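1. got a predicted structure plus its sequence, pasted below:
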Amino acid sequence: MNAPSDAAARATADDIRVRQQRLTSNAATTSGGTDPAFAPERERFGAYTHREIWDLVHEALDPAALGAVATGWESNAVALAEAFQTFSDAANREFARWSGRSADAAHEATRAFVRAGTEAHEVCRTVQRLMELNCEAAQTIRAAIPAPKEYRPLDDPAAEAVHGGQRRMEHDIAAAASQADVQDTMTYVYTPTMPASGDRVPRFTPPPDGPSATSADGTPGRPTSVGGGGAR
């Protein structure tokens, strides 16, 4: 029978999964789409011992490291937002003095570039939040898996000779139940959260090719203040 901590862990995993799906559903609408699943084949834990699971969880699932990765993506998102906002403000000030076809082309190119920057910022934010959810999942999994208990014989060899058979049988029954519980925790808490977070990670959109004006002989044109043309 699963311990109460496992029931709480499953409830937390359900909540994490809902938030992951909300994030990735929104990300799927961006022009870059999503990457293929990072872990399409899920691990099966029926053959793992309690000790193996305990060791793997404490070696591989590092909430602090996952939190640091999330912070890195947050920094990237902030830097991108600031850089593209600065560019947008400067370009708009410059092109406000332009008119005609060159002005229209410049404004359109700027808008397309800033849209790509906005989507790149949103990708960084989504990955940041996915990593934050992975950090939460790792903490939940660690807390839900107790350390395996080894059989300890009685100090008195004579007493152990008399009672050891019964004690060892009781220990083995409890150990088997505990092992089944931690296997279930990995199946129903780890698998639907951490590997699933890589199923629909948003992809960066390649930067668009900006429109360019050309002259009658096919060479690139320059903004001009004459006629319908350009900068004033």
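-> Cool, the structure landed.

2. would you mark the buried spots in stretch 181-200?
-> Using 16 or more other CB atoms under 10 Å as the burial criterion, the residues of stretch 181-200 that qualify are 181-186, 188-200. For glycine as for every other residue, the C-beta is placed from the backbone atoms N, C-alpha and C.

3. sorry, wrong one. I was asking about stretch 105-125.
-> Residues of stretch 105-125 classed as buried: 105-106, 109-110, 113-114, 116-125 (neighbour count, 16+ other CB under 10 Å).

4. and what of stretch 12-29?
-> In terms of neighbour count (16+ other CB under 10 Å), stretch 12-29 has its buried residues at 12-13, 16-17, 19-20, 23-24, 27.

5. now swap in stretch 63-72 and tell me
-> For stretch 63-72, using 16+ other CB under 10 Å, the buried residues are 63, 66-67, 69-70.

6. quick check: longest helix of the chain.
-> helix 100-144 (DSSP state H).

7. next SSE after that one?
-> Downstream of helix 100-144, the first helix or strand assigned by DSSP states H and E is helix 157-185.

8. I'd like the mean pLDDT over that following helix, please.
-> Here helix 157-185 scores 94 as its mean pLDDT.

9. any idea of the angle that helix forms with helix 100-144?
-> For helix 157-185 against helix 100-144, the angle by axes from the mean of the first three to the mean of the last three CA atoms, to 10 degrees is 160 degrees.

10. distance between helix 157-185 and the chain's centre?
-> In terms of CA atoms, centre = their mean, to the nearest Å, the gap separating the centre of helix 157-185 from the centre of its chain is 40 Å.

11. which other helices and strands contact that helix?
-> In terms of contacts (3 or more CB pairs under 8 Å, 6 or more residues apart in numbering; DSSP states H and E), helix 157-185 is packed against helix 4-27, helix 50-60.

12. need the residue closest to the centroid of this protein.
-> L130 (3.0 Å; CA atoms, centre = their mean).

13. now distance to E150 too, for the helices and strands packed on helix 157-185, in CSV please.
-> As requested, those are exported to CSV (distance: least, CB to CB, whole Å):
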stretch, distance to E150
helix 4-27, 21
helix 50-60, 9
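
14. neighbouring contacts of the helix-or-strand element of the chain with minimal mean pLDDT?
-> Sorting the helices and strands of the chain by mean pLDDT, DSSP states H and E puts helix 4-27 at the bottom, at a mean of 86. Outside helix 4-27, the residues that touch it by CB atoms under 8 Å, 6 or more residues apart in numbering are 34, 122-123, 126, 129-130, 133, 136-137, 140-141, 143-144, 181, 184-185, 188-189, 192-193, 196-197, 199-202.

15. right, and the helices and strands packed on helix 157-185 - which one's nearest G165?
-> Checking these against G165 by CB to CB gives helix 50-60 as the closest, at 22.2 Å.

16. can you show me the CA trace of that closest one as PDB?
-> C-alpha atoms of helix 50-60 as PDB (Å, rounded to 0.1, in the frame of the first residue of the first chain):
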ATOM      1  CA  HIS A  50      14.900   0.200  -4.000                       C
ATOM      2  CA  ARG A  51      18.600   0.900  -3.600                       C
ATOM      3  CA  GLU A  52      19.200   1.500  -7.300                       C
ATOM      4  CA  ILE A  53      16.300   4.000  -7.400                       C
ATOM      5  CA  TRP A  54      17.500   5.700  -4.300                       C
ATOM      6  CA  ASP A  55      21.000   6.100  -5.700                       C
ATOM      7  CA  LEU A  56      19.800   7.300  -9.100                       C
ATOM      8  CA  VAL A  57      17.400   9.900  -7.600                       C
ATOM      9  CA  HIS A  58      20.100  11.400  -5.400                       C
ATOM     10  CA  GLU A  59      22.800  11.300  -8.100                       C
ATOM     11  CA  ALA A  60      20.800  12.500 -11.100                       C
END
